[in-house]
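Novice: attaching a predicted model along with its sequence, questions to come.
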Amino acid sequence: MPKVFITRPIPNTGIDLLKEKGYEVVVNTEAVDRPATKEEILAGIKGVDALLSVLTEKIDSEIMDAGLPTLKVIANYAVGFDNIDLKGAKQRNIMVTNTPGVLTNTVAEHTFALMLAIAHRISEADRFSRAGKYTAWGPQLLLGADLSGKTLGIVGLGRIGSRVAYHASKGFGMKVLYYDVKPNQEFEKEFDARYIAGVDELLSQCDFVSLHVPLLDSTRHMINEARLKTMKPSAYLINTSRGPIIDEKALAKALADKIIAGAALDVFEYEPEITSELKNLDNVIITPHIASATEETRQAMSKLAAENIIEALEGRIPPNLIK
């Protein structure tokens, strides 16, 4: 009977699917409201055929070795996979999968929710009202910015970036500029978008900038002090990709000094820690890495992770194999 170890409790759809296949499923129930410790994973991975990991856990060579010789597949419950040593997995002939696609719409919606909220000062207005400061309507009370007709810059034209562009173009009539490793003519035609070959050039032209790149050596601190200074003072920055894409200290200073108008973040450089200077600013919105957090999407991610495991253990190529 194949055995699967799950590092943290996840929605039941995938667990039920694995059990229906007759697999033994062990869930680390100690890690409900926190990441699993390395010791818990080292203990749980021994003798298993599959590891279902969550993005909060670093799966390194030591953990993989503890799962050998039986470990065949690591199914990551996330789109990103920077928490897994891919080179180490390849050296050990262990397959690694992720869960793309099923969370595209949800993350794009959250991205746009953040964009609207920071531009219209929703969180700031909520705090203002709860504090009893609202005494009368005023013609200049909490003035924000429109999205309609403005220019949105997409950095990273993957599934989520493309879906954000859809909402921007079709729903709000925004002009879309994008930066990626190569241009996409079909995308340009559909959304009347324009490819910008350099990040600096894109940043300087946009009213809103949304980040959708994976965390790589080349993207770490892609948004730094120098690049923040190339943005318009009226511009807003949104990040639902990975925290270290932005130098948070530089961002906090740029926001405090009004180099840019605002930022909305769902991910953080030292997650779950948040740079203290950011938490004290009114022109930033912070959400705790919940861009994919809807019941429908998290269940779909659970199902897809389980399907990846089943395909791998039955000798087929998983649908979301990371190569």
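Specialist: Nice, thanks for sending it over.

Novice: all helices in the stretch 201-323 of the chain, in order from the N-terminus.
Specialist: With DSSP state H, counting those that start in this stretch as the criterion, the stretch 201-323 of the chain has helices at 225-228, 248-256, 276-279, 295-313.

Novice: ok, which of those helices comes nearest Thr97?
Specialist: Closest of the helices of the stretch 201-323 of the chain to Thr97 is helix 295-313, at 3.8 Å (criterion: C-beta to C-beta). All C-beta atoms are positioned from the backbone trio N, CA, C, and that covers glycine.

Novice: for the record, mean pLDDT for that closest one?
Specialist: The average pLDDT within helix 295-313 is 98.

Novice: before we move on, the earlier item: dump the helices of the stretch 201-323 of the chain into CSV; add mean neighbour count and distance to Asp16 as well.
Specialist: What follows is the helices of the stretch 201-323 of the chain, written out as CSV (neighbours: other C-beta atoms under 10 Å; distance: least, C-beta to C-beta, whole Å):
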stretch, mean neighbour count, distance to Asp16
helix 225-228, 16, 46
helix 248-256, 19, 39
helix 276-279, 13, 39
helix 295-313, 22, 8
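
Novice: how near is the spatially most central residue of the chain to Leu265?
Specialist: Nearest to the mean C-alpha position of the chain, counting by C-alpha atoms, centre = their mean, stands Ser241 at 3.6 Å. Here the criterion is C-beta to C-beta, to the nearest Å. By it, Ser241 lies 10 Å from Leu265.

Novice: surely Val102 touches Arg298?
Specialist: No: taking contacts as C-beta atoms under 8 Å, Val102 lies outside contact range of Arg298: 9.4 Å.

Novice: and the strands in the protein, which stretches?
Specialist: Residue ranges of the strands in the chain, as given by DSSP state E, are 3-6, 24-27, 50-54, 73-77, 95-97, 151-155, 175-179, 194-195, 208-211, 236-239, 262-265, 284-286.

Novice: name the residues that touch stretch 316-323?
Specialist: 73, 75, 81, 86, 95-100, 304, 307-309, 311-312 (C-beta atoms under 8 Å, 6 or more residues apart in numbering).

Novice: contacting residues around the nearest residue to Leu228 once chain neighbours are set aside?
Specialist: For Leu228, ignoring the flanking residues on the chain, the nearest one in space by C-beta to C-beta, 6 or more residues apart in numbering is Ala254 at 4.2 Å. Listed by C-beta under 8 Å, 6+ apart, the contact partners of Ala254 are 225, 228-229, 260.

Novice: and if you look at Ile196?
Specialist: Contacts for Ile196 (C-beta under 8 Å, 6+ apart) come out as 153, 177-179, 202, 205.

Novice: kindly recompute the last result at 6 Å.
Specialist: Ile196 makes contacts with 177, 179, 202, as judged by C-beta atoms under 6 Å, 6 or more residues apart in numbering.

Novice: give the contact list for the second one.
Specialist: With contacts defined as C-beta under 6 Å, 6+ apart, the neighbours of Tyr179 are 155, 196, 199, 202.

Novice: could the residues you listed go into JSON lines alongside distance to Glu271?
Specialist: Listed next are the contacts of Tyr179 as JSON lines, based on distance: C-beta to C-beta, whole Å:
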{"residue": "Val155", "distance to Glu271": "19"}
{"residue": "Ile196", "distance to Glu271": "29"}
{"residue": "Val199", "distance to Glu271": "23"}
{"residue": "Leu202", "distance to Glu271": "26"}
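
Novice: by neighbours, which of those wins?
Specialist: Neighbour counts for the contacts of Tyr179 (other C-beta atoms under 10 Å) peak at Val155, which has 26 neighbours.

Novice: surely that one is in contact with Pro214?
Specialist: No: between Val155 and Pro214 there is no contact under C-beta atoms under 6 Å: 11.4 Å.

Novice: quick one on the thing from earlier: now the strands of the chain in CSV, with distance to Ser292 and mean pLDDT?
Specialist: What follows is the strands of the chain, written out as CSV (distance: least, C-beta to C-beta, whole Å; pLDDT from 0 to 100):
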stretch, distance to Ser292, mean pLDDT
strand 3-6, 18, 98
strand 24-27, 20, 98
strand 50-54, 12, 98
strand 73-77, 10, 98
strand 95-97, 17, 98
strand 151-155, 18, 98
strand 175-179, 22, 98
strand 194-195, 28, 98
strand 208-211, 16, 98
strand 236-239, 14, 98
strand 262-265, 15, 98
strand 284-286, 17, 98
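
Novice: can you lay out those strands as TSV showing distance to Arg163?
Specialist: Below are those laid out as TSV (distance: least, C-beta to C-beta, whole Å):
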stretch	distance to Arg163
strand 3-6	29
strand 24-27	32
strand 50-54	24
strand 73-77	21
strand 95-97	22
strand 151-155	10
strand 175-179	12
strand 194-195	18
strand 208-211	11
strand 236-239	14
strand 262-265	17
strand 284-286	20
